[in-house]
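Undergrad: Let me see the structure of the following:
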Amino acid sequence: MTASADPEVVAVAQAASRSGARPFKDATGNWAASVEVALMDTILSIGAQVDGAYGAGVLPRLRAFKAFRGPANMMRVVATLGPFGLADFVPETAQIDQLMAAAGNLLDAGVQTAADVDPNSADQREALVKTSGVPDVAWPYFLLALDLRTPELTAVQQSWLDRFVKEATGTSQLTTQHRDALLQAATQQLDAEHQQKSYGTMPTFTLPQLHQAIIRAEYARATAQS
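TA: Down below sits the predicted model:
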């Protein structure tokens, strides 16, 4: 596929690329089988600077942690590693403290694996957001990272996709159909670019991966310190 001549597609693709939209091995666009990675994503992405190469460091850290710990899907991995083990993946001491506290709170609320997470659980929500420095919006982000969906979560996802595309294209009015067409075209363009640069060795870049990068960027924006 050749590069798109549509300036809106180009704008969305470029904005997504700056936000860390990159293919990688075994990427699914979510952490549905990796509850501890979903939590790390939720903590590291709070107010993060994601406008830069590979999401300015967030995604590479998540990938490295996932590769290191293997197919765990166990919240207690965070506690097992402790602050010294986590320091290889989490840049700030405050973030390590947040991650360990949140993991402990969620374990106390019955979250051992991704299957234990209940979008309707007030106790689990409170366990996460009562952690110092963790905002209320962390709960829907954590659920979306796990690929969980309710009408409320879908609404959050849709609003974040809308805002990202409007910001990228400078458009104030955008139908869902047009937005989705732009995202699909941007996915195809990014995949073509990565395949060309890697001589066809990169994994396929998919729409769910694009959604994940956008949702992380919007969550980071929403939680940035004013």
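Undergrad: Quick check: what element follows the helix ranked longest in the chain along the chain?
TA: For the chain, the helix with the greatest residue count under DSSP state H is helix 176-197. Counting by DSSP states H and E, the next helix or strand C-terminal to helix 176-197 is helix 207-222.
Undergrad: who touches the helix or strand of the chain with the lowest mean pLDDT?
TA: When the helices and strands of the chain are compared on mean pLDDT, DSSP states H and E, helix 58-69 comes out lowest with a mean of 85. If you take CB atoms under 8 Å, 6 or more residues apart in numbering as the criterion, helix 58-69 is touched by 20, 22, 24, 31, 34, 36-37, 40-41, 44-45, 48, 50, 54, 77, 81, 88-91, 213, 216, 220. C-beta coordinates here come from the backbone N, C-alpha and C atoms, glycine included.
Undergrad: let's go with 6 Å and repeat that
TA: Residues outside helix 58-69 that contact it (CB atoms under 6 Å, 6 or more residues apart in numbering): 20, 24, 37, 40, 41, 44, 45, 48, 50, 54, 77, 89.
Undergrad: In that helix, which residues are buried?
TA: 58, 59, 60, 61, 62, 63, 65, 66, 69 (16 or more other CB atoms under 10 Å).
Undergrad: In a markdown table: these, plus distance to residue 119.
TA: Output for the buried residues of helix 58-69, formatted as a markdown table (distance: CB to CB, whole Å):
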| residue | distance to residue 119 |
| --- | --- |
| 58 | 24 |
| 59 | 24 |
| 60 | 29 |
| 61 | 26 |
| 62 | 22 |
| 63 | 26 |
| 65 | 24 |
| 66 | 23 |
| 69 | 25 |
